[in-house]
Structure formats: structure tokens, C-alpha cells
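> Fold the following and give me the result.
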Amino acid sequence: MALSASFDFTVARSDIIPMAMRKLGVLGEGQTPTTNQTTTASLALNVMLKAFMADGLPLWYMKTGYIYPIHNVNVYYLASSGGGHFSQELVITKLTAAAAASATALTVSITAANDVQGTTANSDQIGIELDDGTIHWTTLSAGGGTTGLTIATGLASAAASGNRVYAYTAKANRPAGIQAVWRVDAANQTRIKLDPTPYVNLMSQSNLTTEGQVTTWSYLETITAVPGTSTGTFTIWPRWVDGSSYLEVWFQQEFDDMDADANNLAFPAEWYEAIIYGLALRLADEYQVPDNVYKRVQGAAMAARERAESATTEGTSIYVYPEFR
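As a prediction, this is how the structure comes out:
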């Protein structure tokens, strides 16, 4: 017996659509979808994948992101074009020489340690902790990856040697949901899990301008006025007092759109059959298939979905205890 020793099988949009249509008898053996059929099926496929996001936080598409400190704000707007400094990249360093107000030349450490991680790159977003605790955010003009950095906008005030410097290249997309948040000490990587709280409770604090170590958070997925775009609202309390810590976030990334024939699914292989039959079921009404075909596909879709959900679990138990006050 000869095994393939291959484990890279996947399906693309160009595979999924004709397979789903053959389940319905709309396509015969060797036939390919017309342009109109592909357009209709692609729309149905993307709508279905977006609907799957309402089912919760799937383990296979949970990601780690980082929220960097910003001064004088309680609310971050999380999106690739949002105002919050939220990224899946973690770059931390520190000044190795003091910098005066208006300075654009900085000297930083590149020696790997608890408080120096990752590598800067030109055009990065970069935040420098100033002596008054505020964070000066600008972009990195030159010197990325070296000890000598040039920033686009001069420091608003002085920054001492040892002050924190954060950087990242790209903002992360809006989270579909946030599972957990930790406050991380930049000096030693000590992590403290923060409890979420309802938005109305957080906003009921007597003084929203209080500064200190962040202790609680709330996340609301919001929709903007522009169709197809959205920004998540992440609220903290209290506000950042300085740049000594940042937040690590475990979040669900949105499922990728299937925009082209060559696009693959953002799902593990156990879900391929469920998605093919799920698409067939959604197309059944489009093509007004007979009831016997509809029921057969419906049954297969339900069974495939149950198998997929049972296969993609963490494999551990969750224990729930009452909270005593």
C-alpha cells in the first residue's frame, strides 16, 4: 500500500460552485456554470459565509491582536481604516537616549529582550511615550530596523531614555467578536486578564477621564453608513496613564470574502462538505428544484454541518461556577 503523504487538499470557489449546482441537478457531468450562474452562486456563497459569523467564535479563525496605548481616549475604533492603533503585529522597543521636544531623530534598542520585540520598518505607525505619560503617534520616515529612527512629526514634548516605543505596519480588520483581553506589562511581559463589562456600565463611571492601568473593557460591533464597511467600538476604563503597558486581544477575524474563482475558504477541511451542501441548499430556491431534491439536499446539508461543528472544537471541558458577591 502506498500512501500519498500529501495533506494539502483544498477547494476554491471554482470548485465549490459547480459542485453545489451538481447536487441540485442544475449542472450535468462535464458542464460548467454560465457567467450569470457564477455571479448568482458567488453572491449566495458570500452571504452564507457572512451568516456563519453569527454562530459565535470559531476556534480556527481566532487571532491575536494588540491594542496600543493612546492618550486621552476611552474609545478605540477598530478597523483597517479606523482611528484605533490595533494590529496583529507586536513591535516594542525603548529609547536609549533622551529626546527633546520637537525632535525627529530617535535612538532605540534593537537588542531582543522582554521589552524589545519585533523589528521596525519604514512607514510604520510609531508611538513614543513622552515624559508626561502621553503617547506621540506619527509615522517612521527612515531608519527602520536600526537603532537610529527618523519620525515624520517632531515630539510634542520631551522623552527620557527608557521610555517605551511601539510600532506596527498595518492595522487589523474589525473583529467580528472579542473573546478575551489581557493587559501586558511592556517591561516584563506580565499578563493580567481583564474582565469585560456592558457598555452602559462602563460609560456610567463617574469620571471617564480618570487615568490609570486599564482594568475593564467593552466591545460593540457597529455598522457605518457605508454599505459593506464597519468599525468595532472598543471602550476601556480607565484611560491610559502612560505607555508602560498594552493590550493583547484574542478575537474572531471576519471570514474572508470569496471574490475570485481562485479564492480558498477560510475554513478547515472538515467544513468543505458543509459549505458545498449549504450553498446547494441556498441555491435550491433560485432554481426552484423539486421538493424531493430539496429535502435530500436539506438533509445532507444539516448532517454535514453537524459533523463539521463537532469536529472543530477545542477538545476540553468548560466549567461554570456561580459568582458570589
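
> make it CA atoms for all contacts and neighbour counts henceforth
Will do.

> Name the residues that touch stretch 125-142?
By CA atoms under 8 Å, 6 or more residues apart in numbering, the residues outside stretch 125-142 that reach it are 69-71, 121-124, 149-153, 155-160, 163-170, 241-243.

> buried ones in that stretch?
125-131, 133-142 (16 or more other CA atoms under 10 Å).

> same question, stretch 89-107
Neighbour-count burial for stretch 89-107, counted by 16+ other CA under 10 Å, picks out 89-96, 98-100, 103-107.

> just stretch 37-53 next, same as before
Neighbour-count burial for stretch 37-53 flags 38, 41, 42, 44, 45, 46, 49, 53 (criterion: 16+ other CA under 10 Å).

> Pull the distance from that stretch to the chain's centre.
Relative to the centre of its chain, stretch 37-53 is centred 21 Å away, using CA atoms, centre = their mean, to the nearest Å.

> For the buried residues of stretch 89-107, name the two members farthest from one another.
Pairwise distances across the buried residues of stretch 89-107 (CA to CA) peak at 28.1 Å, for the pair 89 and 100.

> Would you mind giving the buried residues of stretch 37-53 as TSV with pLDDT, secondary structure and distance to residue 65 added?
As requested, these are arranged in TSV below (pLDDT from 0 to 100; DSSP: H, G, I helix; E, B strand; the rest coil; distance: CA to CA, whole Å):
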residue	pLDDT	secondary structure	distance to residue 65
38	96	helix	35
41	97	helix	33
42	97	helix	30
44	97	helix	30
45	97	helix	28
46	96	helix	25
49	93	helix	23
53	83	helix	19
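
> quick one on the thing from earlier: filter the contacts of stretch 125-142 down to just the buried residues.
Among those, the ones that count as buried (16+ other CA under 10 Å) are 69-71, 121-124, 149-152, 155-157, 159-160, 163-170, 241-243.

> what helices or strands is the helix or strand of the chain with the lowest mean pLDDT leaning on?
Least confident element among the helices and strands of the chain, by mean pLDDT, DSSP states H and E: strand 216-223 (a mean of 87). When contacts are defined as 3 or more CA pairs under 8 Å, 6 or more residues apart in numbering; DSSP states H and E, strand 216-223 packs onto strand 175-185, strand 191-196, helix 199-202, strand 230-237.

> for the first one, packing partners?
In this structure, strand 175-185 packs against strand 191-196, strand 216-223, strand 245-253, with contacts taken as 3+ CA pairs under 8 Å, 6+ apart.

> redo that, cut-off 7 Å
On a contact count with 3 or more CA pairs under 7 Å, 6 or more residues apart in numbering; DSSP states H and E, strand 175-185 meets strand 191-196, strand 245-253.

> Return the most buried member of these.
strand 245-253 (a mean of 22; mean count of other CA atoms under 10 Å).

> For that strand, which outside residues touch it?
Residues outside strand 245-253 that contact it (CA atoms under 7 Å, 6 or more residues apart in numbering) are 57, 61-69, 175-186.

> how far is that strand from where the chain is centred?
8 Å.

> Can you dump the C-alpha atoms of the following helix or strand past that strand in PDB for me?
Where DSSP states H and E defines the elements, the next helix or strand beyond strand 245-253 is helix 272-284. Below are the C-alpha coordinates for helix 272-284, written out as PDB (Å, rounded to 0.1, in the frame of the first residue of the first chain):
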ATOM      1  CA  TYR A 272     -15.800  21.800   2.900                       C
ATOM      2  CA  GLU A 273     -18.700  19.400   2.500                       C
ATOM      3  CA  ALA A 274     -20.900  21.500   4.800                       C
ATOM      4  CA  ILE A 275     -20.300  24.600   2.700                       C
ATOM      5  CA  ILE A 276     -20.900  22.900  -0.600                       C
ATOM      6  CA  TYR A 277     -24.200  21.400   0.600                       C
ATOM      7  CA  GLY A 278     -25.100  24.700   2.400                       C
ATOM      8  CA  LEU A 279     -24.600  26.600  -0.900                       C
ATOM      9  CA  ALA A 280     -26.700  24.000  -2.800                       C
ATOM     10  CA  LEU A 281     -29.500  24.400  -0.300                       C
ATOM     11  CA  ARG A 282     -29.400  28.200  -0.700                       C
ATOM     12  CA  LEU A 283     -29.500  27.900  -4.500                       C
ATOM     13  CA  ALA A 284     -32.400  25.400  -4.400                       C
END
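
> So for stretch 128-143, mean pLDDT?
Stretch 128-143 carries an average pLDDT of 97.

> Endpoints of it, how far apart?
15 Å (CA to CA, to the nearest Å).

> From residue 94, how far off is residue 112?
Counting by CA to CA, the gap from residue 112 to residue 94 is 11 Å.

> wait, residue 76
Residue 76 sits 24 Å away from residue 94, going by CA to CA.

> The closest residue to residue 202 other than its chain neighbours: neighbour count?
Nearest residue to residue 202 in three dimensions, chain neighbours excluded: residue 237, at 7.0 Å (CA to CA, 6 or more residues apart in numbering). Residue 237 has 23 neighbouring residues, counting by other CA atoms under 10 Å.
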